[in-house]
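**Q** coords please:
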Amino acid sequence: MPFQISKAVIPAAGLGTRFLPATKAMPKEMLPVVDKPAIQYVVEEAVAAGLTDVLMITGRNKNALENHFDRNGELEATLTRKGDTDKLDKVNFSTNLADMHYVRQGDPLGLGHAVLRAKMHVGREPFAVLLGDDIIDERDVLLSRMIEVQGQRNASVVALLEVDPEQAHLYGVATVEATEEEDVVRITGLVEKPAPGTAPSNLAVIGRYVLKPEVFDVLEKTAPGKGGEIQLTDALETMAIAPDWTGGVYGVVFRGRRYDTGDRLDYIKAIIQLAVDRDDLGPDLTPWLKDFAAKLD
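**A** This next block holds a predicted model:
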């Protein structure tokens, strides 16, 4: 029987410099997407896939992340006195969402180093990694499918998205072979942010991974790559070409809705897209949006 995965790792130690000055005193993961911080969407996705043990890899000035998923007795008491049960339920929901743990990354040595910091917590079992910049629409299946593929193939699994070839240099890009399943490919190579025009495919790695614990063994021996950082992509490349002891690497090709909150323009688009689809906001926002767009020069 495949191992039942229960642990999720969420790297959240970045400085969020693209969003300065908003992120001078507030973690970028706490920036609101409609009325929830971006990080809560990610934790909710993990929990929906059955991952109730969540470890966040944080850094300095990230206390707001811990506070958000912790009790706030004063706020709860105030809402109780007011009889505002709707807001109280929302506050308690984030508090009781998952079993939350935190560890600091320390030196900012890249995503691979952040994942390696989870070694003591995860142990020798498969686990998921979710990056906070990517929000996957709750109506579309991705993480649970990746967990299923990991159990079936006893391999590490990454999420892949078809991108415009002209944008491939912004991502880690996979070289793949087809399998008997339409949405699953075997990865034979990975390159982090290839030079424009040199990408081996248009299948880009996005921020969801289900990894075997062998990744820790590889990361401990992975030299710093681009930007002087330990790249998770480099470790996965090693695992892809050494399947005899690592289990290899497979990709699940995702064709659903993904919202990128790591870029200012895409962040704004994500808010609009999610708000339009909400029953409490969409009916009023949509006609206003159409009218506003019609008036643009």
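**Q** need the contact list for the closest residue to Gly110 other than its chain neighbours.
**A** Leaving aside its chain neighbours, Gly110 sits nearest to Glu229 (2.7 Å; criterion: Cβ to Cβ, 6 or more residues apart in numbering). The C-beta positions use only the backbone N, C-alpha and C, and glycine is treated the same way. Taking Cβ atoms under 8 Å, 6 or more residues apart in numbering, we find Glu229 in contact with 108-113.
**Q** 10 Å - rerun?
**A** Taking Cβ atoms under 10 Å, 6 or more residues apart in numbering as the criterion, Glu229 is in contact with 108-114, 192.
**Q** How about Glu214?
**A** Neighbouring residues of Glu214 by Cβ under 10 Å, 6+ apart: 124, 126, 155-156, 235, 238-239, 242, 245-247.
**Q** Mind doing that once more with 7 Å?
**A** 239, 246-247 (Cβ atoms under 7 Å, 6 or more residues apart in numbering).
**Q** Out of those, which sit inside helices?
**A** Among the contacts of Glu214, the members found in helices (DSSP state H) are 239, 246.
**Q** Distance check, the residue nearest to Gly110 against Ala13.
**A** Distance check for Glu229 against Ala13: by Cβ to Cβ, to the nearest Å, it reads 12 Å.
**Q** Ile39 too?
**A** Distance, Ile39 to Ala13, by Cβ to Cβ: 12 Å.
**Q** Of these two, which one has the most company?
**A** When Ile39 and Ala13 are compared for neighbours, Ile39 comes out ahead with 26 against 23, by other Cβ atoms under 10 Å.
**Q** Wait, that one touches Leu65, no?
**A** Yes. Contact criterion Cβ atoms under 7 Å: Ile39 and Leu65 qualify, at 6.3 Å.
**Q** Common neighbours of these two, please.
**A** Common neighbours of Ile39 and Leu65 (criterion: Cβ under 7 Å, 6+ apart): 12, 29-30.
**Q** just curious, which of the contacts of Glu229 is nearest to Lys87?
**A** Ala114 (33.7 Å; Cβ to Cβ).
**Q** Just to check, that closest one is in contact with Arg104?
**A** No. Between Ala114 and Arg104 there is no contact under Cβ under 7 Å: 10.1 Å.
**Q** Domain ranges for the protein, per the record?
**A** Domain assignment for the chain, taken from automatic domain parsing, gives 7-262, 263-297.
**Q** Reformat those domains as TSV; add mean pLDDT.
**A** Below are those laid out as TSV (pLDDT from 0 to 100):
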stretch	mean pLDDT
domain 7-262	92
domain 263-297	94
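**Q** Of these, flag the one that's most buried.
**A** Mean neighbour count (mean count of other Cβ atoms under 10 Å) peaks for domain 7-262 among the domains of the chain, with a mean of 18.
**Q** From the shared contacts of Ile39 and Leu65, which land in strands?
**A** Per DSSP state E, strands hold no members of the shared contacts of Ile39 and Leu65.
**Q** Surely Thr222 is in a helix?
**A** No. Using DSSP: H, G, I helix; E, B strand; the rest coil, the secondary structure at Thr222 is coil, not a helix.
**Q** tell me the contacts of it?
**A** Contact analysis of Thr222 by Cβ under 7 Å, 6+ apart lists 112, 230, 234-235.
**Q** Show me which of those residues is closest to Gly262.
**A** Gly112 (17.8 Å).
**Q** Would you double-check that the closest one falls in a helix?
**A** Yes. Read with three-state DSSP, Gly112 is one of the residues of a helix.
**Q** which one is the most centrally placed residue in the chain nearest to, not counting chain neighbours?
**A** Nearest to the mean C-alpha position of the chain, by Cα atoms, centre = their mean, lies Leu131 at 2.5 Å. In space, not counting the residues next to it along the chain, Leu131 is nearest to Gly207; the distance is 2.9 Å by Cβ to Cβ, 6+ apart.
**Q** Counting by contacts, list what the helix or strand hosting that neighbour packs against.
**A** Following DSSP states H and E, one finds Gly207 within strand 203-211. Applying 3 or more Cβ pairs under 7 Å, 6 or more residues apart in numbering; DSSP states H and E, one finds that strand 203-211 contacts strand 127-130, strand 134-136, helix 143-153, strand 156-162, strand 172-178.
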